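S.K.: Model the structure of this input:
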Amino acid sequence: MALTDFTIVRRSMTARPFSTVTTIITVAVAVGLMLVLLSMRDASRQAFERGSGNMHLLLSRDSSPLVSVLNGVFYANAPPRPITWQEFRALTDTSNPDNFVAAGLDWAVPVQLGDSFRGLPVLATSADFFSKFRADPEQPWRLADGRYFERELEIVVGGTAARRTGLRIGDTVIVTHGLPRRGDADSAGAAPHEHTEFRFRVVGILEPTGSSHDRALFMNLESSWLMHAFDRRLAEDARAGVPTVADLQDRDRLITGVYLRVVDNRAYQAVFDALRRDGRFVVAAPSNEIKRLFDIIGNIDQIFLAMAGVVMVSSGIAIMLALYNSMEQRRRQIAVLRVLGCSRPRVFGLIVTESAVIGLIGAAAGVALASAGGLMVSTVLRQRLGLVVEPKMPMDAIAAVVLATIALASAAGIVPALVAYRTPVAKNLKPLG
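M.R.: Model (predicted):
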């Protein structure tokens, strides 16, 4: 049977299985890493943008607009300085003809962040949160079970929060004061303060939205105000009982942020400028701040891509070294091929082809590895952050990486191919021993 180039290359690769497999794995890891990074970049940005939903602006008293978005949308920390209810009412008062902000607003949703349950954030807000704000601009909130809160001491659970806590309709929830942080307990081992006087009943479970809000629990503002009013009254009078809504004072009615949506693009700039001139609030455009965040992260992203490129080059060097080191054992084989009529250029081409085939197999394995790696990363992000990141690998990107890998592998085969090209026939056909 005539030896074809394919048969020669296949037998050459299978003659050294350990070297061939380890080289292919090196190439696969490099290709997989590169494709995962490329696929996660745009998917991560889309996931973060989904969290800001259909709001245009976010008001708070945080230290900066970016911190405001991280706290108010992604629940990083509780904003340290509150906004009074009187300020919110004045901000949205449409009866004042000089209130340009209120005139330009489509809606304003107050939110208060500062409590948690089993390490998950609890957001106090109004019913408008579910009727007007959308975590995913493409679809409204949907209930997997139950209903939205209608009165005090009722709580609605996000999709991820329900899965992580196992909460069901009718379960009781006791809220912890403050957002969870590492080292919540002090040096004496004190436990975080729980509002044991207030027992919330789960009345609704939300469908997942693929946003950060999936890992939160939601109550109405009055419920949060009652809990903190109780702490205040207890500090003033140890005999104070559990307050009712009628006992709330202005100093109890506090919020930490306001979600805003303007009526149109023309009103957007007018509202934004008016709020900035006001000076009492930090005004953030979530879409702009997320873009800023990814511009910052993009610098790190470029470093990771450069590292993946270095790994790919290293895999090319590994191919070159594996083939080069095998030349000493293959000199007799090459000499026999030459005697059988194989020309020097053909021998050169066989070695380069073998190197390219290793690159091709490694690239194919890398694509499969990237698919599994992207799925694993997206699963972790969904479980830990409630973000649905759907890594997408465009065919043009896959093709570009695969072709670049094959080209790099082919180039890596040139040095060992030159060694094979220059192998003397007579010297390597002498009897062994």
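S.K.: I'd like the next helix or strand past the lengthiest helix in the chain.
M.R.: Assignment by DSSP state H gives helix 286-339 as the longest helix of the chain. Moving toward the C-terminus from helix 286-339, the next helix or strand (DSSP states H and E) is helix 344-385.
S.K.: quick one, phi psi at Asn99?
M.R.: Main-chain torsions, Asn99, degrees, to the nearest 10: phi -90, psi 90.
S.K.: Can you show me the helices along the protein?
M.R.: Secondary structure of the chain (DSSP H): helices located at 5-14, 17-52, 65-72, 85-91, 100-103, 128-131, 159-165, 221-236, 265-278, 286-339, 344-385, 395-412, 414-421, 425-428.
S.K.: other SSEs contacting the longest helix of the chain?
M.R.: In terms of contacts (3 or more C-beta pairs under 8 Å, 6 or more residues apart in numbering; DSSP states H and E), helix 286-339 is packed against helix 5-14, helix 17-52, helix 65-72, helix 344-385, helix 395-412, helix 414-421, helix 425-428. C-beta: built from backbone N, CA, C; applies to glycine.
S.K.: what angle separates that helix from helix 65-72?
M.R.: Helix 286-339 and helix 65-72 are oriented at 90 degrees to each other (axes from the mean of the first three to the mean of the last three C-alpha atoms, to 10 degrees).
S.K.: average pLDDT for helix 286-339?
M.R.: Across helix 286-339, pLDDT averages out at 76.
S.K.: Distance from the chain centre to that helix, please.
M.R.: Centroid separation for helix 286-339 versus its chain: 25 Å, with C-alpha atoms, centre = their mean, to the nearest Å.
S.K.: and the angle from that helix to helix 414-421?
M.R.: Relative orientation of helix 286-339 versus helix 414-421 (the same axes, to 10 degrees): 0 degrees.
S.K.: low-confidence ranges in the stretch 101-250 of the chain?
M.R.: Within the stretch 101-250 of the chain, the segments meeting pLDDT under 70 span 179-192.
S.K.: and the protein, what are its domains?
M.R.: When the chain is parsed with automatic domain parsing, its domains come out as 5-47+293-428, 57-284.
S.K.: Isn't Ala55 up against Leu260?
M.R.: In this structure residue 55 is Met, not Ala. Yes - using C-beta atoms under 8 Å, Met55 is in contact with Leu260, at 6.3 Å.
S.K.: Overlap of the contact sets of the two?
M.R.: Val109 (C-beta atoms under 8 Å, 6 or more residues apart in numbering).
S.K.: one step back: JSON lines please, covering the helices of the chain and showing mean neighbour count and distance to Thr176.
M.R.: As requested, the helices of the chain are exported to JSON lines (neighbours: other C-beta atoms under 10 Å; distance: least, C-beta to C-beta, whole Å):
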{"stretch": "helix 5-14", "mean neighbour count": "14", "distance to Thr176": "61"}
{"stretch": "helix 17-52", "mean neighbour count": "20", "distance to Thr176": "23"}
{"stretch": "helix 65-72", "mean neighbour count": "22", "distance to Thr176": "18"}
{"stretch": "helix 85-91", "mean neighbour count": "16", "distance to Thr176": "24"}
{"stretch": "helix 100-103", "mean neighbour count": "18", "distance to Thr176": "35"}
{"stretch": "helix 128-131", "mean neighbour count": "18", "distance to Thr176": "21"}
{"stretch": "helix 159-165", "mean neighbour count": "22", "distance to Thr176": "13"}
{"stretch": "helix 221-236", "mean neighbour count": "19", "distance to Thr176": "11"}
{"stretch": "helix 265-278", "mean neighbour count": "14", "distance to Thr176": "33"}
{"stretch": "helix 286-339", "mean neighbour count": "17", "distance to Thr176": "27"}
{"stretch": "helix 344-385", "mean neighbour count": "19", "distance to Thr176": "19"}
{"stretch": "helix 395-412", "mean neighbour count": "18", "distance to Thr176": "45"}
{"stretch": "helix 414-421", "mean neighbour count": "20", "distance to Thr176": "64"}
{"stretch": "helix 425-428", "mean neighbour count": "12", "distance to Thr176": "78"}
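S.K.: Same list, those, but as a markdown table with distance to Ala246 please.
M.R.: As requested, those are arranged in a markdown table below (distance: least, C-beta to C-beta, whole Å):
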| stretch | distance to Ala246 |
| --- | --- |
| helix 5-14 | 83 |
| helix 17-52 | 36 |
| helix 65-72 | 30 |
| helix 85-91 | 15 |
| helix 100-103 | 28 |
| helix 128-131 | 23 |
| helix 159-165 | 31 |
| helix 221-236 | 11 |
| helix 265-278 | 32 |
| helix 286-339 | 36 |
| helix 344-385 | 40 |
| helix 395-412 | 62 |
| helix 414-421 | 86 |
| helix 425-428 | 101 |
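S.K.: so which of the ones you listed gets nearest Pro79?
M.R.: Nearest of those to Pro79, taken as C-beta to C-beta: helix 65-72 at 5.2 Å.
S.K.: what's that closest one packed up against?
M.R.: Helix 65-72 sits against strand 57-60, strand 105-117, strand 257-262, strand 282-284, helix 286-339, with contacts defined as 3+ C-beta pairs under 8 Å, 6+ apart.
S.K.: redo that, cut-off 7 Å
M.R.: Applying 3 or more C-beta pairs under 7 Å, 6 or more residues apart in numbering; DSSP states H and E, one finds that helix 65-72 makes contact with strand 57-60, strand 282-284, helix 286-339.
S.K.: hang on, the earlier thing: also compute the angle for the longest helix of the chain relative to helix 5-14, please.
M.R.: 100 degrees.
S.K.: Done for today, thanks.
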